[in-house]
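Participant: Output the structure for:
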Amino acid sequence: LTSATSAAFDVVAGFKAEMTSPVDGATLSGSTETFQWTTGTNVTQYRLWVGSNPLFTSADADIYRSTALVTTSQMVTDIPTDGSTIYVRVYSYINGVFESNDYTYTASGPAPAPPDDPNPAPPQLTAPDGPNGDNVEDPQQTPVDDEPFPVTPQEIIVNLSGSGLCGMGSSLTAITASMALLMGAGWRRRRRRRLR
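Facilitator: Okay, here's the model as predicted:
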């Protein structure tokens, strides 16, 4: 072979870059992630695609699509955080040809809801409200008697008669009658209130 013909076969083999972080299949930490890869061999530039769907064409890289990169890392923002699958491809340009490696990740999800309290506090019991918003009284509660006369007029007359005061004549009879009239009105009010 001459030098001219041998030069045509003097092609140095290259090895494409491989993702090192995050590892393939990992769950991403949030909406921002830095992807890092190896340098490969004889790679002159890199390109990174990130998408929410399998990366068949450049249009599928709907999260991030770089131009030529000469570094081995790239920060990507606006990654979904819904637990979906994220598709990533890193291209290596070797001897005039782009070669690629594909990876899939799981997007970070929302924070889990706190567990239910195993010992919830018992509900507070309150009296029901009446039609006007006031609390209804307990039907078992003994009513408080605030009427002024605890006995009937007849009981008072009997007690006065039994004490021997009736011998005082008509004056005592008049006083007794007046007291009966006054207390009778109070007794009727008391009876009506209890009946309600």
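Participant: Run through the helices of this structure in chain order.
Facilitator: Remark: helices assigned in the chain by DSSP state H are 3-8, 153-162, 170-195.
Participant: can you give me the strands for this structure?
Facilitator: 19-21, 33-37, 43-51, 64-65, 73-76, 85-94, 97-106 (DSSP state E).
Participant: Tell me which residues are up against the fifth one.
Facilitator: Put plainly, it is strand 73-76. 32-37, 48, 50, 63-64, 66 (Cβ atoms under 8 Å, 6 or more residues apart in numbering). Backbone N, C-alpha and C define where each C-beta goes, glycine included.
Participant: Is it possible to mark the buried ones in those?
Facilitator: 33, 35, 37, 48, 50, 63-64, 66 (16 or more other Cβ atoms under 10 Å).
Participant: For those, give me TSV that also has distance to A26.
Facilitator: Formatted as TSV, those follow (distance: Cβ to Cβ, whole Å):
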residue	distance to A26
E33	10
F35	11
W37	14
L48	16
V50	14
I63	16
Y64	17
S66	21
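Participant: what's the farthest-apart pair in these?
Facilitator: W37 and I63 (17.1 Å; Cβ to Cβ).
Participant: Let me know how buried L55 is, in neighbour terms.
Facilitator: 18 (other Cβ atoms under 10 Å).
Participant: pretty sure it is in contact with Y64, am I right?
Facilitator: No: shown here, L55 and Y64 do not form a contact pair, counting by Cβ atoms under 8 Å, at 11.2 Å.
Participant: Quickly list what's touching both of those two.
Facilitator: W49.
Participant: Low-confidence regions, this protein specifically.
Facilitator: Scanning the chain for pLDDT under 70 picks out 1-12, 111-113, 125-196.
Participant: Pull the contacting residues for S108.
Facilitator: Counting by Cβ under 8 Å, 6+ apart, S108 has contacts 27-31, 81, 83.
Participant: let me fix that: V70
Facilitator: 45-46 are the contacts of V70 under Cβ under 8 Å, 6+ apart.
Participant: rerun that using 7 Å as the cut-off
Facilitator: By Cβ atoms under 7 Å, 6 or more residues apart in numbering, the residues touching V70 are Q45.
Participant: Then I63?
Facilitator: 50-52, 76, 78-79.
Participant: how close does D102 sit to R89?
Facilitator: In this view, D102 and R89 are 5 Å apart by Cβ to Cβ, to the nearest Å.
Participant: Looking at those two, which is more packed in?
Facilitator: R89 (19 against 13).
Participant: partner residues bridging that one?
Facilitator: Counting by DSSP bridges, R89 forms beta bridges with W49, D102.
Participant: so how far is S73 from it?
Facilitator: 15 Å.
Participant: got it, and E18?
Facilitator: For E18, the distance to S73 - Cβ to Cβ - is 13 Å.
Participant: Could you do N53 as well?
Facilitator: From N53 to S73 the distance is 24 Å (Cβ to Cβ).
Participant: go on, P122?
Facilitator: Taking Cβ to Cβ, one finds P122 at 57 Å from S73.
Participant: So between the two, which is more surrounded?
Facilitator: S73 (13 against 6).
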